[in-house]
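A.B. asks: okay, structure incoming, though there's no sequence with it:
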């Protein structure tokens, strides 16, 4: 359902503001870090955004960068980014894709975790493994799939389809790692069906763009997408609570243990638009739209810092700081150490999720929440000196040089959201 809004002109103006941010700030900033020698991006950058601290490359980030290049190329082709040069983007895309094809694969359908600048694989510290995270595979996949959709290479279909099936099979069998944060034994993690929803959406879009799509492959991708969405609602969406559980084990531990009790509002908000996209691709865009809208509202309300503004990284299922018994798991340390921080990616995802939901429902409360988040985000996060955002801040909004996942500054979340927003059509 598309809605006709009195604020249509305001929304077009808002989209123009995001277009300017991409063309005048974010892309000029990130273009400086493109590796014109080997391909890909050099993004092991300190939080100030001014200093390259390592030339190593996480395949996680390289796949994300390729996805962005393809998405930007498509936006240029649609006339949405008129100030950018399509040939420049194509050159970067071709170099990045070649780097991944040449160096990212440990075998034909499993990806390395970390590489030297020239592509030599490096073992992950904790596990000693070269292929240490299914998320690396997933992000390499979405990069290759999006590039294939927008700027195809006829020789790569088998590589991309093989990687997709390998990801699904390893997840279904439980034979995978999830560095930098391992999933505790006997737990279900929201991150797994969530990433596979996103991966499957990208694959379906790639298959739809092909002249000749194998029907069995499309069916496999659609079945996988439906199954992952069902897993989300069966295991992670708590109907009584009206929130999403990041880790699920036993009902008893949900009452007593920190890891079971904690909520990640930003993760929920990001996955909401993944699910919306999945439903659209499956031909049922209105599926659970009211539930998802209410989930977005409640997740935002639970996560919003009423003292300083902004989204807290983690909260308890009853609100406030995370609490409960601990067992020494690495993720518990992360929760306790960073729950109060203001991290770039949840805030970026909030912008698109609420605009997308508003465009589908016309619910003014969703637009009010967007504006509330927008005011905080563009007051706190932009880097007035170097450009882009200072991505990691403490509760008061002051920049903090702290590691929260990989030791990188990542262009993915913010640019992806900005690109999504300028492509929203429901405001016309």
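C.D. replies: On my side now, so go ahead. Treat the numbers as computed from the prediction; the structure is a model and nothing was measured. Numbers count the residues shown, from 1 in each chain.
A.B. asks: chain center to stretch 259-266, what's the gap?
C.D. replies: In terms of C-alpha atoms, centre = their mean, to the nearest Å, the centre of stretch 259-266 is found 17 Å from the chain centre.
A.B. asks: no wait, stretch 72-92
C.D. replies: Distance of stretch 72-92 from the chain centroid (C-alpha atoms, centre = their mean) equals 22 Å.
A.B. asks: so where's the stretch 151-300 of the chain uncertain?
C.D. replies: Residues of the stretch 151-300 of the chain that meet the criterion pLDDT under 70 are absent altogether.
A.B. asks: ok, which stretches of it are helices?
C.D. replies: Taking DSSP state H, counting those that start in this stretch as the criterion, the stretch 151-300 of the chain carries its helices at 157-173, 191-209, 215-231, 251-256, 258-261, 265-281, 289-303.
A.B. asks: now those in JSON lines, with mean neighbour count and distance to residue 394?
C.D. replies: Where you see a C-beta, it was placed from the backbone N, CA and C, and this is true even at glycine. Shown next, in JSON lines, are these (neighbours: other C-beta atoms under 10 Å; distance: least, C-beta to C-beta, whole Å):
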{"stretch": "helix 157-173", "mean neighbour count": "18", "distance to residue 394": "35"}
{"stretch": "helix 191-209", "mean neighbour count": "23", "distance to residue 394": "25"}
{"stretch": "helix 215-231", "mean neighbour count": "17", "distance to residue 394": "35"}
{"stretch": "helix 251-256", "mean neighbour count": "13", "distance to residue 394": "29"}
{"stretch": "helix 258-261", "mean neighbour count": "22", "distance to residue 394": "21"}
{"stretch": "helix 265-281", "mean neighbour count": "23", "distance to residue 394": "16"}
{"stretch": "helix 289-303", "mean neighbour count": "19", "distance to residue 394": "16"}
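A.B. asks: columns distance to residue 87 on top of those helices, output as a markdown table?
C.D. replies: Listed next are those as a markdown table, based on distance: least, C-beta to C-beta, whole Å:
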| stretch | distance to residue 87 |
| --- | --- |
| helix 157-173 | 24 |
| helix 191-209 | 21 |
| helix 215-231 | 32 |
| helix 251-256 | 54 |
| helix 258-261 | 49 |
| helix 265-281 | 30 |
| helix 289-303 | 39 |
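A.B. asks: so which of the ones you listed gets nearest residue 115?
C.D. replies: Residue 115 lies closest to helix 157-173 among these, at 16.7 Å (C-beta to C-beta).
A.B. asks: contacts for that closest one next, please.
C.D. replies: Outside helix 157-173, the residues that touch it by C-beta atoms under 8 Å, 6 or more residues apart in numbering are 101, 108-111, 134, 137-138, 140-141, 144-145, 148, 176, 192, 196, 199, 203, 206, 210, 217, 220-221, 224.
A.B. asks: now do stretch 386-393
C.D. replies: 25-26, 28-30, 47-50, 341-345, 380-383, 399-402, 404, 409-411, 414.
A.B. asks: what are the buried residues along it?
C.D. replies: 387-393 (16 or more other C-beta atoms under 10 Å).
A.B. asks: please apply the same query to stretch 54-71.
C.D. replies: Counting neighbours by 16+ other C-beta under 10 Å, stretch 54-71 gives 56-71 as buried.
A.B. asks: of the residues you listed, which belong to strands?
C.D. replies: Counting by DSSP state E, the buried residues of stretch 54-71 place 57-58 in strands.
A.B. asks: now, the most widely separated pair of the buried residues of stretch 54-71?
C.D. replies: Distance extremes for the buried residues of stretch 54-71: the farthest pair is 56 and 71 at 24.9 Å, using C-beta to C-beta.
A.B. asks: and residue 376, that's in a helix?
C.D. replies: Yes. Membership of residue 376 in a helix is supported by DSSP: H, G, I helix; E, B strand; the rest coil.
A.B. asks: tell me how far it lies from residue 173.
C.D. replies: Using C-beta to C-beta, to the nearest Å, residue 376 is found at 43 Å from residue 173.
A.B. asks: strands - which of the contacts of stretch 386-393 land there?
C.D. replies: Counting by DSSP E, the contacts of stretch 386-393 contribute 342-343 to strands.
A.B. asks: generate a ChimeraX selection restricted to the buried subset of the contacts of stretch 386-393.
C.D. replies: In ChimeraX, a selection of the buried entries from the contacts of stretch 386-393 looks like this (16+ other C-beta under 10 Å):
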select :25,26,29,30,47,49,341,342,343,344,345,380,381,383,399,400,404,409,410,411,414
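A.B. asks: so of the contacts of stretch 386-393, which ones are in helices?
C.D. replies: If you go by DSSP state H, the contacts of stretch 386-393 have 28-30, 344-345, 380, 414 in helices.
A.B. asks: and the residues you listed as CSV, adding pLDDT?
C.D. replies: As requested, these are exported to CSV (pLDDT from 0 to 100):
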residue, pLDDT
28, 97
29, 96
30, 97
344, 96
345, 96
380, 97
414, 98
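A.B. asks: just the residues you listed now: which is nearest residue 236?
C.D. replies: Closest to residue 236, out of all of the ones in helices among the contacts of stretch 386-393 and judged by C-beta to C-beta, is residue 345, at 19.0 Å.
A.B. asks: for residue 220, see how far away that closest one is.
C.D. replies: From residue 345 to residue 220 the distance is 30 Å (C-beta to C-beta).
A.B. asks: in the stretch 301-428 of the chain, which spans are strands?
C.D. replies: For the stretch 301-428 of the chain, the strands defined by DSSP state E, counting those that start in this stretch occupy 315-316, 342-343, 392-393.
A.B. asks: compare those strands and report which one is nearest to residue 14.
C.D. replies: So among the strands of the stretch 301-428 of the chain, strand 342-343 is nearest, using C-beta to C-beta, at 22.7 Å.
A.B. asks: which other residues reach the closest one?
C.D. replies: Contacts of strand 342-343 (C-beta under 8 Å, 6+ apart): 266, 305, 310-313, 380, 391-395, 397, 404.
A.B. asks: now do the SS call for the residue lying closest to residue 199 once chain neighbours are set aside.
C.D. replies: Counting by C-beta to C-beta, 6 or more residues apart in numbering, residue 138 is the residue found nearest to residue 199 once chain neighbours are left out, at 5.1 Å. In three-state terms, and counting by three-state DSSP, residue 138 is helix.
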